[in-house]
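Enquirer: Fold the following for me, if possible:
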Amino acid sequence: MRQETQTDSTYFSKFPGLFADELQYALRLEMDGKVVLVDYDKFMGHFVPLPDKTVSPPRDELRGLRLEDVAVGSESTMYPVLADKLNQPWLCPGYHFVTTSDAASLEHPSNRRLIGGLYPVAETPEAGSCSDWASIEISIECQADEVSGDPFDDTMDSGLPNTDDRREILQRMTTVSSVVFVKQQRTHHFAVIICGSSARISRWDHAGVVTTKKFNYKEEPGKLAEFFWRFARLSPAQRGHDTSVVRVLEGTEDYKIMQERAEEPRLLGIHPVQEHAREAFRESLKGSRWWKIQVDDESSRESDPSAPTTPRFFLVGKPHFAARGLAGRGTRGYVAINLQNPKGPFVYLKDAWRVAHAGIHKEGEILTYLNKEGVRNIPTKECHGDVGLSQTTMSQTIWREENPDALTCPLKTHTHYRLVVREVGLPMSQFRNAQELIILVARCIGAHRDAYRKGIMHRDISAGNVLILVTEFVDAQGQLRTQRDGMLTDWELSKSVQDGQIDVLRQPDRTGTWQFLSANALRDPTKKITVEDEMESFFHLTLYYAIRFLPSNCSDVARFIYDYFDGYTFDGEQYSVGMTKLYAMRTGVLLLSGTLPLKFLRSVPTETLPNPPNDPINEFLTELLHRLQAYYELHDIDHGLVDNSTLPTTGIPERSVPVTSTQDELAVSFFTSVFEEVEPQPPAKRPLSAQQREDLEGLAEPLKDHTAMIARYGFFCLSRDFVWPKDDKVEDQMRKDFSRDKDSKQPKPQADKPVKQSQARGASLTEIASPTETPLLRQQ
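Expert: Here you go, the predicted model:
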């Protein structure tokens, strides 16, 4: 099996949580509040220092490049001239500038555009070919117009542009940098934007982007040229490479180990085991670079905080999961070989940029505690630790320097961190039928309960954080047995519990996975997460898997998922809960249209059985909805979100305002004649009676009690009143071509016609938007 360098043409369809055509827009939104504008000299001093204090740039030669001769015309004419100027052997020795196309990588017809890049000479793609995100060192964008081509704005405090065409360029640059971070082992990435006669240099990391203020490179050509000269003389770490990771090259011992483990099963006696992990590992080696990753294990510090870390090494291919976006944790997940036991079980390595704020514990520390406390159905920590000594984002530091009087910084501090766990799970999407789905989710609620009893609240219940744990053993008769169980993963955002609620907020904005947060958490980002919120999230993820993989009367699953899970409204300038989710919580009904409720079916409609009976999961979901509805009615009354007062009885009212005009006289005369013709009516609304409130409290009570909720799951799974089909699961019913904008202009499908199997699209929201379709333990 040979290593290959390959552009990933499906990369943009694999981000979790959003549809492919929404993704680049979302990436740009993520940069709101995360742009830092600085002077050129400060940027160079911080990020692109001279190679030696005794060495000065050859400024005469730099001016001799005459970058001011780059014609301000179309993009296609700017790139060749720029390439000719930059491809001087003395300027960037060992590098080559080339113009490529990002069309194949972006998979978006409207974005078939050129992009420039500086590459190592040995890894430079052919001019005009697809960009090689695995090798590019600097991405270079050319725009002909001075203003409309500028993705930043020096006149705005936020640094963000205020027109759509400029926002699209920022969106594009953010997207390119995001790809580079996934395809390479990176701490940061440099990019250049040339817009008309002006230019900017930017540095992107997981906290945000620092960019120079716009300068005129025709009047000051030495600035742009000196940046390239200095960059070529930086160390790999200064250029943004993670030096704790090294390439595994063909012919090495590590290469042979990876080949052997990919092709040869691990045996338990005579039985191959952990085959799902081996297959995933083998797939990760195709079309990808291979890596040896170092983990500086901090486990010894559990007993002695001053103890040194222990280096551990793991072999991986490409990540099976890569979190969408640039600003944030940037989580990637790998199936890995543990070099302490290269022929032993595969393990799962999580690489992330954790939020390094006061009071936030490392995930490995949380798992160590929960493992010692005997909490079941969670990952088992193998090792963990921060990467190196200085792999921490810098954008937030520069923001604070530029805003010394600000009380808070909108940019988070992120530190590179790795965690290795022993379990390699299956995605929950591989549940066998509706009954097993409910059982597996109930087991995850059990893990949540056990951790909660030990003082930890998870706080990120989502479809990607519930997995299927596969346990294999040989019985007394020598037969291989397999057990499937639920596993609750990704404890990075968990917090300690105080009096039934989590402690104070430790991060400057809403935390969690948008699609699965409770409606209350979405409409109030400062809300302290409670057990009720977490139980609601378990409901959302159960519905998510059901709508994708079970037959129903929903003819457009993609639209339902977009409306229910990705939907949002605005509360002022702040994103808030979508109306579809909030309506379901307030009414206890899942509607496909104005009058048609969502119904799941026992089988796919056929010509011989056009109207299959309902699946028992309907009753299960309906009960949970009624409990959530009761909770929301009480919550909204108690928090003043709805009026619980009595409206007056209708009749002839006493006037409190004197008649002062002929218009008033006309109104009095008209309404008085009407009052005389009708009988007084009872109030249109009365407050809850004591009995009504008691009934609602009884319905909502299990939502705050884990064991009571598990019991309800168990009742529906085990009761003789429900006969569960064993084969009600179907292929993924998501369609890859869904577009919110395009579909909204098309006639709506008939919502009363169930989706037939032949109509279901094979593309998954994982490939488009789901956090769960990586076939392994995903921890975002």
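Enquirer: Same question for the closest residue to Ile439 other than its chain neighbours, what's its three-state structure.
Expert: Of all residues not flanking Ile439 in the chain, Cys717 sits nearest, at 5.6 Å (C-beta to C-beta, 6 or more residues apart in numbering). Heads up, the C-betas are built off the backbone N, CA and C, glycines and all. Judged by DSSP: H, G, I helix; E, B strand; the rest coil, the three-state class of Cys717 is helix.
Enquirer: could we number from 19 for the rest of this?
Expert: In the new numbering, first residue 19, that becomes Cys735.
Enquirer: What strand or helix carries Thr500?
Expert: Thr500 belongs to strand 498-506 when assigned by DSSP states H and E.
Enquirer: Tell me how many other residues crowd the residue nearest to Ile457.
Expert: 18 (other C-beta atoms under 10 Å).
Enquirer: just to revisit the earlier point, centre of the chain versus the strand holding Thr500, how much separation?
Expert: Offset of strand 498-506 from its chain centre (C-alpha atoms, centre = their mean, to the nearest Å): 27 Å.
Enquirer: mind listing what the following helix or strand past that strand pairs with, with the direction of each?
Expert: Where DSSP H and E defines the elements, the next helix or strand beyond strand 498-506 is strand 513-516. Its sheet considered, strand 513-516 pairs with strand 474-475 (antiparallel), strand 519-520 (antiparallel) by DSSP bridges.
Enquirer: On the pLDDT front, check Phe588 for me.
Expert: Per-residue confidence (pLDDT) for Phe588: 86.
Enquirer: which residues touch the closest residue to His724 other than its chain neighbours?
Expert: For His724, ignoring the flanking residues on the chain, the nearest one in space by C-beta to C-beta, 6+ apart is Arg467 at 3.3 Å. By C-beta atoms under 8 Å, 6 or more residues apart in numbering, Arg467 lies in contact with 724-725, 728.
Enquirer: element containing Arg467, please.
Expert: helix 452-471.
Enquirer: Buried residues in that helix, which are they?
Expert: 452-470 (16 or more other C-beta atoms under 10 Å).
Enquirer: The strand holding Thr500 packs against which elements?
Expert: helix 452-471, strand 484-492 (3 or more C-beta pairs under 8 Å, 6 or more residues apart in numbering; DSSP states H and E).
Enquirer: Buried only: go through the contacts of Arg467 for me.
Expert: Neighbour counting by 16+ other C-beta under 10 Å classes 724, 728 among the contacts of Arg467 as buried.
Enquirer: Am I right that Pro397 is in contact with Arg440?
Expert: Yes. Counting by C-beta atoms under 8 Å, Arg440 is a contact partner of Pro397 at 7.2 Å.
Enquirer: Among those two, which residue is more densely surrounded?
Expert: Neighbours per residue, other C-beta under 10 Å: of Pro397 and Arg440, the larger number sits with Pro397, 27 against 15.
Enquirer: what's the distance between the closest residue to Val575 other than its chain neighbours and Arg436?
Expert: Using C-beta to C-beta, 6+ apart and skipping the chain neighbours, the partner closest in space to Val575 is Gln751 (4.3 Å). Separation of Gln751 from Arg436 (C-beta to C-beta, to the nearest Å) stands at 36 Å.
Enquirer: Thr529 now?
Expert: 21 Å.
Enquirer: which one of the two has more residues nearby?
Expert: For Thr529 versus Arg436, neighbours defined as other C-beta under 10 Å are more numerous around Arg436 (25 against 18).
Enquirer: Give the helix, strand or coil label for the more buried one.
Expert: Secondary structure of Arg436, per three-state DSSP, is strand.
Enquirer: Can you spell out which residues form a bridge with it?
Expert: Asp369, Gly403.
Enquirer: dump the residue contacts of it.
Expert: 311, 313, 367-370, 402-403, 405.
Enquirer: elements contacting the longest helix along the chain?
Expert: In terms of residue count, the longest helix belonging to the chain (DSSP state H) is helix 635-656. Applying 3+ C-beta pairs under 8 Å, 6+ apart, one finds that helix 635-656 makes contact with helix 452-471, helix 537-541, helix 549-567, helix 597-605, helix 708-718, helix 724-736.
Enquirer: For stretch 375-384, buried residues please.
Expert: Quick answer for stretch 375-384 (16+ other C-beta under 10 Å): 379-384.
Enquirer: Report the mean per-residue pLDDT for that stretch.
Expert: 92.
Enquirer: so the residue lying closest to Phe578 once chain neighbours are set aside is in which element?
Expert: Closest residue to Phe578 apart from its sequence neighbours, by C-beta to C-beta, 6+ apart: Cys572 at 5.4 Å. Assigned by DSSP H and E, Cys572 belongs to no helix or strand.
Enquirer: Go ahead and confirm Cys572 touches Leu610.
Expert: Yes. Look at Cys572 against Leu610 with C-beta under 8 Å: they come within range, at 5.7 Å.
Enquirer: Same drill for the two, tell me which one is more crowded.
Expert: More neighbours surround Cys572 than the other of Cys572 and Leu610, with 24 against 20 (other C-beta under 10 Å).
Enquirer: So what does that one look like in phi/psi?
Expert: The phi/psi pair for Cys572 (degrees, to the nearest 10) reads phi -90, psi 120.
Enquirer: Repeat that for Asp163.
Expert: Here is the backbone geometry of Asp163 (degrees, to the nearest 10): phi -90, psi 140.
Enquirer: Does it touch Ser216 like I think?
Expert: No. Assessed by C-beta under 8 Å, Asp163 is found out of contact with Ser216, at 10.1 Å.
Enquirer: how close does the residue nearest to His724 get to Leu388?
Expert: On the measure of C-beta to C-beta, Arg467 and Leu388 end up 12 Å apart.
Enquirer: which stretches of the stretch 119-268 of the chain form helices?
Expert: For the stretch 119-268 of the chain, the helices defined by DSSP state H, counting those that start in this stretch occupy 121-124, 182-201, 239-249, 254-257.
Enquirer: so which of the ones you listed gets nearest Arg711?
Expert: Among the helices of the stretch 119-268 of the chain, the nearest to Arg711 by C-beta to C-beta is helix 182-201 (49.1 Å).
Enquirer: The closest one packs against which elements?
Expert: Against helix 182-201 (3+ C-beta pairs under 8 Å, 6+ apart) you get helix 38-48, strand 156-161, strand 207-213, strand 216-222.
Enquirer: Give me the helices and strands touching the shortest one, please.
Expert: Contacts of strand 156-161 with other secondary structure elements, assessed using 3+ C-beta pairs under 8 Å, 6+ apart, are made with helix 93-104, strand 132-138, helix 182-201, strand 207-213.
Enquirer: Run the angle between the last one and strand 216-222 for me.
Expert: Translated: strand 207-213. Here the directions of strand 207-213 and strand 216-222 differ by 160 degrees (axes from the mean of the first three to the mean of the last three C-alpha atoms, to 10 degrees).
Enquirer: what do you get for the longest one?
Expert: Direction vectors for helix 182-201 and strand 216-222, defined by the same axes, to 10 degrees, enclose an angle of 40 degrees.
Enquirer: Helix 182-201: which residues count as buried?
Expert: Neighbour-count burial for helix 182-201 [16+ other C-beta under 10 Å]: 184-201.
Enquirer: Can you give the distance of it from its chain's centre?
Expert: Relative to its chain's centre, helix 182-201 lies at 16 Å (C-alpha atoms, centre = their mean).
Enquirer: Identify the residues contacting Val515.
Expert: 470, 473-475, 521.
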